[in-house]
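Colleague: Here is the input, now give the coordinates:
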Amino acid sequence: MTRERQNSYFVPGFRFSGISGGIKKDGARDLGLIQSDTIANVAGVFTTNRVKAAPVLLDMERIGSGRCRGILVNSGNANACTGERGLENARLLADLVADELGIDRELVLLASTGVIGQPLPMDRIVKKIPKLVQELSPYGISSLAEAIMTTDTRPKIEFETVTVGGRDIRLGGVAKGAGMIRPRMATMLSFIVSDVSIELDALRATTREGAGRTFNRITIDGDTSTNDTLLVLANGRADNFRIKASSPDLAPFQEKLWSVMDRLSKQLIEDAEGATKFVEIHVKGAQTEHDALQVAFSIAHSPLVKTAFFGEDLNWGRILCAAGYSGVTIEPNRLDLFLEGVRIVEDGVGCGKEAETQATEAIKKRSFTVTLDLHLGSEAASVVTSDLSYDYVKINGSYRS
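Modeller: As a prediction, this is how the structure comes out:
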């Protein structure tokens with residue numbers, strides 16, 4: 001990596017590392033660490049699944065303080081459905097990292113991803129903690145991004161800069177997830193850091209709203225993970241005038257934070273397990289935004305719609321069908337459907353072979369947009385999804401083995 005590239009992956013006051021901790025069979029990186037040189041404000045959003053992994057339970061206990069200096073992450077093992085032993089292991093690892101860093105134990109958060117129901121290989125991980133700390137570097141975010149991957153085919157990293165109050169502020173984020181993605185909060189794992197000075201209440205509010213606008217509007221397979229975790233840290237090293245919820249400086253920072261979230265979330269869909277399509281489902285003309293979102297998700301989750309996308313088959317009846325069972329009141333004879341701007345259904349009836357021929361060329365692209373107009377109101381919402389391929393079944397049919 002060139003020095004210029006390294007410098008673009010730098011957020012003042014933060015260090016990162018990623019190494020092999022012996023969890024994955026192939027010896028790939030599977031243990032990562034984020035450290036803030038000073039106590040950072042932290043906001044978090046976690047899975048809504050009632051079955052929560054041990055690291056999620058631990059983080060939910062600690063996040064109330066709004067303070068953090070370290071995040072330990074592992075892949076290859078979710079530490080979920082592991083009972084009291086799993087929670088004890090999570091606490092022990094957090095304590096070991098804190099002691100190695102020389103910081104308060106309550107300032108370490110955790111995240112895990114991988115196979116559910118198996119205990120962590122503690123003997124192997126514990127031995128690697130000193131090396132993980134030794135490897136910390138201001139330019140180590142690429143190693144961290146690799147260490148959190150499971151079925152991802154590539155690391156996912158995004159950076160932004162923004163000037164607030166005459167100070168240059170940097171943001172950097174990573175994410176992982178290629179399957180078991182319908183976050184309903186964030187994604188499986190995502191960590192975003194910034195040197196901005198911002199009040200905790202403002203950070204929490206913009207993190208929650210940003211997750212709702214980005215990570216909460218993607219779906220690969222409709223499954224909500226036991227481990228979904230989004231953590232946003234702000235250490236104040238930029239020394240800008242502290243941003244409050246009522247401050248005009250919040251808007252430019254928020255825009256860049258949400259941009260990082262949006263691009264990371266879309267990277268997840270681009271790298272979805274076995275995916276060959278990146279599809280935006282846009283629903284407009286709804287009575288409420290909630291209605292539009294509900295219809296969009298109903299279409300995006302439909303296995304029949306997703307397999308039609310994979311087969312490049314313009315089976316538009318499946319899309320109207322999915323809208324019809326969404327639970328939202330619709331008028332079938334008002335529905336207009338477009339694919340990449342080509343109208344293929346008008347007033348609930350197909351527009352004929354010529355329109356379908358045009359739209360079929362669009363569905364052969366890697367990326368396209370499906371728009372459904374309900375003609376019931378002025379609200380709209382979009383969801384980003386992927387197709388469902390043979391490879392998705394193969395990957396998940398043998399995930400543990």
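
Colleague: Please enumerate the helices of the protein.
Modeller: Applying DSSP state H to the chain gives helices spanning 3-8, 54-62, 83-101, 122-134, 141-147, 200-213, 250-270, 289-301, 303-310, 317-324, 353-363, 390-397.

Colleague: now, of these, which is deepest in the fold?
Modeller: helix 141-147 (a mean of 24; mean count of other Cβ atoms under 10 Å). C-beta here means a position set from N, CA and C on the backbone, and glycine is covered the same way.

Colleague: Excluding its own residues, what touches that helix? List them.
Modeller: With contact meaning Cβ atoms under 8 Å, 6 or more residues apart in numbering, helix 141-147 is reached by 1, 9, 16-19, 28-34, 73-75, 135, 155-157, 172, 174, 176, 191.

Colleague: among those, which ones are buried?
Modeller: Buried subset of these (neighbour count, 16 or more other Cβ atoms under 10 Å): 9, 16-19, 29-34, 73-75, 135, 155-157, 172, 174, 176, 191.

Colleague: still on that earlier bit, which one, of the helices of the chain, ends up nearest to Ser382?
Modeller: Closest to Ser382 of the helices of the chain, according to Cβ to Cβ: helix 289-301, at 6.4 Å.

Colleague: which secondary structure elements does the closest one contact?
Modeller: Counting contacts by 3 or more Cβ pairs under 8 Å, 6 or more residues apart in numbering; DSSP states H and E, helix 289-301 packs against strand 218-219, strand 278-286, helix 317-324, strand 367-373, strand 379-386.

Colleague: Next, the angle from that helix to strand 278-286.
Modeller: Following axes from the mean of the first three to the mean of the last three Cα atoms, to 10 degrees, one obtains 150 degrees for the angle between helix 289-301 and strand 278-286.

Colleague: what's the angle between helix 289-301 and helix 303-310?
Modeller: 60 degrees.

Colleague: How far off centre is helix 289-301?
Modeller: A distance of 19 Å separates the centroid of the chain from that of helix 289-301, by Cα atoms, centre = their mean, to the nearest Å.

Colleague: Tell me how the chain divides into domains.
Modeller: Following automatic domain parsing, the chain resolves into domains at 3-270, 278-397.

Colleague: I'd like the ones you listed as JSON lines, with mean pLDDT appended.
Modeller: Formatted as JSON lines, these follow (pLDDT from 0 to 100):
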{"stretch": "domain 3-270", "mean pLDDT": "94"}
{"stretch": "domain 278-397", "mean pLDDT": "95"}
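
Colleague: so Leu230 touches Val56, yeah?
Modeller: No - between Leu230 and Val56 there is no contact under Cβ atoms under 8 Å: 11.1 Å.

Colleague: Between those two, which contacts overlap?
Modeller: Phe46.

Colleague: What pairs with the longest strand along the chain, parallel or antiparallel?
Modeller: In the chain, assigned by DSSP state E, the strand with the most residues is strand 31-46. Paired with strand 31-46 in the same sheet, following DSSP bridges, are strand 14-19 (antiparallel), strand 67-77 (antiparallel), strand 229-234 (antiparallel).

Colleague: Now render those strands as CSV, adding distance to His290.
Modeller: Shown next, in CSV, are the strands paired with strand 31-46 (distance: least, Cβ to Cβ, whole Å):
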stretch, distance to His290
strand 14-19, 37
strand 67-77, 33
strand 229-234, 22
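
Colleague: Tell me the bridge partners for Asp336.
Modeller: Taking DSSP bridges as the rule, Asp336 bridges to Asp373.

Colleague: and it, how many residues sit next to it?
Modeller: When neighbours are counted by other Cβ atoms under 10 Å, Asp336 registers 18.

Colleague: Good, we can wrap up now.
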